[in-house]
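Engineer: quick one, structure for this:
(chains A, B and C)
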Amino acid sequence: MDAQQASEALNAWYLRNARPLPWRADGTTAWGVLVSEFMAQQTQVDRVIPHWLEWMERWPTPSALAAAEPGEAVRAWKRLGYPRRALWLHRAAMEIAEQYGDEVPSDVDTLLGLTGIGPYTARAVAAFAFHERHPVVDTNTRRVIARAVHGLAAAGMPAARDLVDMEALLPSDRDSAAVFNAAAMELGAVICTARAPRCDECPISRWCEWRGAGYPDNAPAKKPKQAAFQGSDRQVRGRIMQLLRSTHDPVSHDDALTAAAHGGVADELQPKRALDSLVTDGLVVEYEGALKLP
DNA sequence: AAGCCGTGGGT
DNA sequence: TACCCAAGGCT
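Structural biologist: This is a model prediction of the structure:
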């Protein structure tokens, strides 16, 4: 595997084939990049697009969002999932507005200090918004490296090693590095997919160690699979959030618990357990004996 | 630090 | 259909 040739081929492919995601357009602010990264956490980017467009129109700066009620952020999050991200994004907006003069920080360590920003998002913002040279490693990148470099069918558990691997492949030039980070993610999302990779369309198939080895079934151990969603507290929490998003009026406990149970519960305590956890998370607040978004 | 946290698309 | 998986992060 010639890393130099492969990375150049990958970048060239990206420049010609990258999907026209709206936050990739020229002139997108660092805030816009940050919002897109929050929304894309554990969420396929195609689903993010309409939410991002609406969000940026409504809250074009961190201070604009910070001035809104956090519950309005949760409401605008709609059905994107993991609504805590909306709360965290609002919190990050307040931190940026109050502590950083309404300017999204470009420094990875500063970004890591913001609510809801971890190792991936911090580097993604630094690389894509500011073209700083950092390895950006997401689930797509991990899979591409596992296959192309390590000859494995899939990535193993996330590890510090991932950053080292990506750093070793990263072009030295800042702009090329930023493109390469995006290109590795794009390849994983569009071509080198988890389930049915399209190797016949892959720009680096000729350097791929996994392909060269004849696609061995050698996937390392990975994270335990997600618990079943059906019957889970997550599903029941989702029902309550859906009700609260649907109205600006306070919702009674009875109505919330009824909505929680609609469609079935795993046990009798589940509706109350789900509601209590939402209150603990700050996604629901008690207000004059009733419930509302924060 | 292992488990938890929504929702929907692809196979 | 049921299952896997998705531009992760927090506790």
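
Engineer: contacting residues for the closest residue to DNA strand C within the stretch 101-250 of chain A?
Structural biologist: Closest contact between the stretch 101-250 of chain A and DNA strand C, by Cβ to the nearest atom of the strand, is at A:Gly118 (2.6 Å). (Glycine included, C-beta is placed from N, CA and C.) Residues in contact with A:Gly118 (Cβ atoms under 8 Å, 6 or more residues apart in numbering) are A:Leu112.

Engineer: likewise A:Thr247?
Structural biologist: A:Thr247 sits next to no residue when contact means Cβ under 8 Å, 6+ apart.

Engineer: okay, the residue of the stretch 101-250 of chain A closest to DNA strand C: pLDDT?
Structural biologist: pLDDT, A:Gly118: 98.

Engineer: what does A:Asp2 give?
Structural biologist: 79.

Engineer: with A:Leu111 instead?
Structural biologist: Predicted confidence (pLDDT) at A:Leu111: the value is 98.

Engineer: check for me that A:Leu53 belongs to a helix.
Structural biologist: Yes: under DSSP: H, G, I helix; E, B strand; the rest coil, A:Leu53 sits within a helix.

Engineer: next, count neighbours for the closest residue to it other than its chain neighbours.
Structural biologist: For A:Leu53, ignoring the flanking residues on the chain, the nearest one in space by Cβ to Cβ, 6 or more residues apart in numbering is A:Pro22 at 6.0 Å. Residues within reach of A:Pro22, counting by other Cβ atoms under 10 Å, total 14.

Engineer: please apply the same query to A:Trp52.
Structural biologist: 21.

Engineer: which pLDDT does the model give it?
Structural biologist: 98.

Engineer: state the distance from it to A:Met94.
Structural biologist: Distance of A:Trp52 to A:Met94, computed by Cβ to Cβ, to the nearest Å: 20 Å.
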